[in-house]
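Peer 1: Mind folding the following:
(chains A and B)
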Amino acid sequence: MKILVVDDEADVQPLFIQRFRKEIKNGEFEFSFALSGEEALTYLQAAHSEIVLILSDINMPGMSGIELLSRIRHQYEVPPPVVMMVTAYGDEENRRQAIDNGADDFLTKPLDFNLLKEKLKTLHR
Amino acid sequence: MDFFYFLASFLLLRRLIKAIKFSVVYPKWRNLLNISSWGILLIYIFCTNSLDDTASDLIGSLVLLGLLYYIHKEEDFQSQRPYLAANLPLVAMGFINAFVQLVANDFYHRNNNYFGWATLAAFVWIFGQWASSKKQAEELRISAERRAELESLVKERTGELSQQKDELLETVKELKSTQAQLIQSEKMASLGELTAGIAHEIQNPLNFVNNFSEVSMELLEELKAEVKAGNKEDAIAIAGDLTQNLEKILHHGRRADGIVKGMLQHSRASSGEKEPTDINVLADEYLRLAYHGLRAKDKSFNAELITHFDTTLPKIRMVPQDVGRVLLNLLTNAFYAVQQKRRTAGPDYKPTVTLSTFPSGKGGCRVIVKDNGTGIPENIKQKIMQPFFTTKPTGEGTGLGLSMSYDIIVKAHGGTLSIDTKEGEYSEFTILIP
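Peer 2: Numbers count the residues shown, from 1 in each chain, chains lettered A, B, ... in the order given. Below you'll find the model as predicted:
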């Protein structure tokens, strides 16, 4: 399963790779990374059919995660990737906005990787 | 003739009594003066009845002269000294009379009238002098009174003025302490704006610290397993990852540390000490804080942040906390302006805040904060630097931000703070620090 992680913090990348090292090793998951919404869109243009799941931060400079979500929902209808939003601001307003724009899930930072792993594995099956 | 000398002596004593009647020395002299004045009358009666004219004249003028000398010498009668001289012509006449009678008695008696008149004139002279000096004294007294009146008036006015001065000084003192309090509360207000940004800024590195620690523990278990299994290469690879993770933990720990230090520095009273400062680092730090501060308040808010930092800039001497406050204020204003515009502008509007640094002159810098927000109407452009002027709703702004920014840049750093704006289009604030 190909997963695109969008976050402006570069250190998210080694973190994911280490957290999911077993899954990556046995070929369960494959991760790609983008540092901004814009970069994510560029990436999707080239390889959107491969990406099954997108994990995006909401609070990023430039294009926000919500905007990225709404673009994805408008541009890539088939096949619709699963989009999970991640944010440090886990308030109702943020959650509502994410769901309204078509997010499949809403996670708050700090990320509970065990929970995330469970969710991803459920999706994978 | 002798009558005049004794009368003059008698009157001199009576006058003396009258003159010192209300002074402190009166009790000391009263009896002596009284007795001697009546004693003089007794001497006169004795002289008139028992002695000839010559002796009487001589004794009379000697008595008067002695009296004058005594009064003149006595400190207690100092105030009477100016009047004594008036008696001298009469004393002189007494001696002349006695002398002429002794030497040329016939001549004296032939011209008795002239000597009599002259003596009388000398006697009258005394009282004439007294009268005129009395008048003079009166005038002196009046002018002294007037002067005293004026002096007391001047004193009163001086008192009023110095009281007013004291009151004004007190007011200035109060104003100064109020100003200090306002500066502090403005600082605290901006700290409040920062809190959310700071919390966000600290949360991120903390998450990394926690996550990398956790994942490292997992890695250590794996490492043990690999070592047990004898997979040396895998073990070394894991150890490499662990080193990397520890570096990340350290990096993010320091990041959080720096943020807390920055926050403390912002809230602390400025030391006012200028120190070489990397304006790019300062600008970046406050840009993040200001952005996340507003972001936390308005969840839907988002803006594109564009930075153009001139990396060739040398360190510039400034008070970093103060310049940081100016940057924070300008950035907060910029975010506020784009946020306001976004409410009315269409979906195509892209809120953008640009922060740029440029070198300026010899070793100085220019920092430009530009936003594509609401801009500033021409009619209030002149007022925005005034203290307490604010366009924000009550309770949202102190109205002190820009006026303090102006003070910090212009007064404390000798720089300039200029505005370029177009209503509805953009605002551009330029800080110049020489």
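
Peer 1: quick one: least confident helix or strand in chain A?
Peer 2: Here the helix or strand of chain A ranked lowest by mean pLDDT, DSSP states H and E is helix A:92-100, holding a mean of 83.

Peer 1: counting contacts, what elements does that helix pack onto?
Peer 2: Contacts defined by 3 or more C-beta pairs under 8 Å, 6 or more residues apart in numbering or on different chains; DSSP states H and E place helix A:92-100 against helix A:65-75, strand A:82-87, strand A:105-108. C-beta here means a position set from N, CA and C on the backbone, and glycine is covered the same way.

Peer 1: What values do phi and psi take at the residue nearest the centre of chain B?
Peer 2: For chain B, residue B:169 is the residue whose C-alpha lies nearest the centre (C-alpha atoms, centre = their mean; 5.7 Å). In terms of degrees, to the nearest 10, the main-chain angles of residue B:169 are phi -60, psi -40.

Peer 1: what do you get for residue B:355?
Peer 2: The phi/psi pair for residue B:355 (degrees, to the nearest 10) is phi -120, psi 120.

Peer 1: For it, list each beta-bridge partner.
Peer 2: For residue B:355, the beta-bridge partners are residue B:307, residue B:369 (DSSP bridges).

Peer 1: Quick one: neighbours of it, just the number.
Peer 2: Per other C-beta atoms under 10 Å in any protein chain shown, the neighbour tally for residue B:355 reads 24.

Peer 1: Go ahead and confirm it touches residue B:331.
Peer 2: Yes - Residue B:355 is in contact with residue B:331 according to C-beta atoms under 8 Å; the separation is 7.2 Å.

Peer 1: which parts of the stretch 151-300 of chain B sit against chain A?
Peer 2: B:200, B:203-204, B:206-208, B:210-212, B:214-215, B:218-219, B:241, B:244-245, B:248, B:252, B:291-292, B:295-296, B:299-300 (C-beta under 8 Å from any C-beta of the partner chain).

Peer 1: Kindly report the same for the stretch 301-434 of chain B.
Peer 2: For the stretch 301-434 of chain B, the residues in contact with chain A (C-beta under 8 Å from any C-beta) are B:302, B:304-305.

Peer 1: Quick check on the residues you listed: which are buried?
Peer 2: Among these, those buried by neighbour count (16 or more other C-beta atoms under 10 Å in any protein chain shown) are B:302, B:305.

Peer 1: Least confident of the residues of the stretch 301-434 of chain B next to chain A?
Peer 2: Lowest pLDDT of these: residue B:302, 75.

Peer 1: In the stretch 101-250 of chain B, what residue spans correspond to helices?
Peer 2: Ranges of helices in the stretch 101-250 of chain B, per DSSP state H, counting those that start in this stretch, are B:105-110, B:112-229, B:232-267.

Peer 1: Let me have those in CSV, extended by mean pLDDT.
Peer 2: CSV is the format used below for the helices of the stretch 101-250 of chain B (pLDDT from 0 to 100):
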stretch, mean pLDDT
helix B:105-110, 85
helix B:112-229, 86
helix B:232-267, 86
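
Peer 1: In a markdown table, list the ones you listed along with distance to residue B:376.
Peer 2: Listed next are the helices of the stretch 101-250 of chain B as a markdown table, based on distance: least, C-beta to C-beta, whole Å:
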| stretch | distance to residue B:376 |
| --- | --- |
| helix B:105-110 | 116 |
| helix B:112-229 | 20 |
| helix B:232-267 | 26 |
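
Peer 1: Looking at the ones you listed, spot the one closest to residue B:68.
Peer 2: helix B:112-229 (11.1 Å; C-beta to C-beta).

Peer 1: and that closest one, what does it pack onto?
Peer 2: helix A:12-19, helix B:2-20, helix B:81-84, helix B:88-103, helix B:232-267, helix B:279-297, helix B:320-344, helix B:401-406.

Peer 1: now the second one: how far from the chain's centre is it?
Peer 2: Read that as helix B:2-20. 64 Å (C-alpha atoms, centre = their mean, to the nearest Å).

Peer 1: next one: the fifth one
Peer 2: Put simply, helix B:232-267 sits 53 Å off its chain's centre (C-alpha atoms, centre = their mean).

Peer 1: what element comes up after that helix heading to the C-terminus?
Peer 2: Following helix B:232-267 in sequence order, the next helix or strand is strand B:275-277 (DSSP states H and E).

Peer 1: repeat for the first one
Peer 2: Helices and strands here follow DSSP H and E; after helix A:12-19, the next one along the chain is helix A:21-25.

Peer 1: tally of neighbours for residue B:142?
Peer 2: When neighbours are defined as other C-beta under 10 Å, residue B:142 has 10 of them.

Peer 1: winner for burial among the helices and strands packed on helix A:92-100?
Peer 2: Of all these, strand A:82-87 carries the top mean neighbour count, a mean of 23, counting by mean count of other C-beta atoms under 10 Å in any protein chain shown.

Peer 1: Pull up the pairing partners for that strand, direction included.
Peer 2: strand A:51-57 (parallel), strand A:105-108 (parallel).

Peer 1: Do you know the pLDDT at the nearest residue to residue A:10 once chain neighbours are set aside?
Peer 2: Once flanking residues are discounted, residue A:10 sits nearest to residue A:35: 6.6 Å by C-beta to C-beta, 6 or more residues apart in numbering or on different chains. Looking at residue A:35, its pLDDT is 92.

Peer 1: what's residue A:35 sitting at in phi/psi?
Peer 2: Per degrees, to the nearest 10, the backbone of residue A:35 is at phi -90, psi -10.

Peer 1: From chain B, how far off is it?
Peer 2: 14 Å (C-beta to the nearest C-beta, to the nearest Å).

Peer 1: List the contacts of that residue.
Peer 2: A:6-8, A:10 (C-beta atoms under 8 Å, 6 or more residues apart in numbering or on different chains).

Peer 1: Contact residues of chain A facing chain B?
Peer 2: Checking chain A against chain B by C-beta under 8 Å from any C-beta, the hits are A:9, A:11, A:14-15, A:18-19, A:59, A:61-62, A:64, A:66-67, A:88-89, A:91, A:93-94, A:97, A:109-111, A:113.

Peer 1: redo that, cut-off 6 Å
Peer 2: A:11, A:15, A:18-19, A:61-62, A:64, A:88, A:93-94, A:109-110 (C-beta under 6 Å from any C-beta of the partner chain).

Peer 1: Now rank the residues you listed by neighbours and give me the top one.
Peer 2: Those, ranked by neighbours (other C-beta under 10 Å): first place residue A:64, 24 neighbours.

Peer 1: close enough to count as contact, it and residue B:301?
Peer 2: No - look at residue A:64 against residue B:301 with C-beta atoms under 6 Å: they stay out of range, at 9.1 Å.

Peer 1: contacts for the helix or strand hosting residue A:44?
Peer 2: Here residue A:44 sits within helix A:37-47, counting by DSSP H and E. The contact list for helix A:37-47 (C-beta atoms under 6 Å, 6 or more residues apart in numbering or on different chains) reads A:6, A:34, A:63, A:68.

Peer 1: Tell me the one among those residues nearest to chain B.
Peer 2: Ranked by distance to chain B (C-beta to the nearest C-beta), those are led by residue A:63 at 8.0 Å.

Peer 1: Quick one: classify that closest one as helix, strand or coil.
Peer 2: At residue A:63, secondary structure determined by DSSP: H, G, I helix; E, B strand; the rest coil is coil.

Peer 1: Now it: phi and psi?
Peer 2: The phi/psi pair for residue A:63 (degrees, to the nearest 10) is phi -70, psi 130.

Peer 1: Brilliant, that's me finished.
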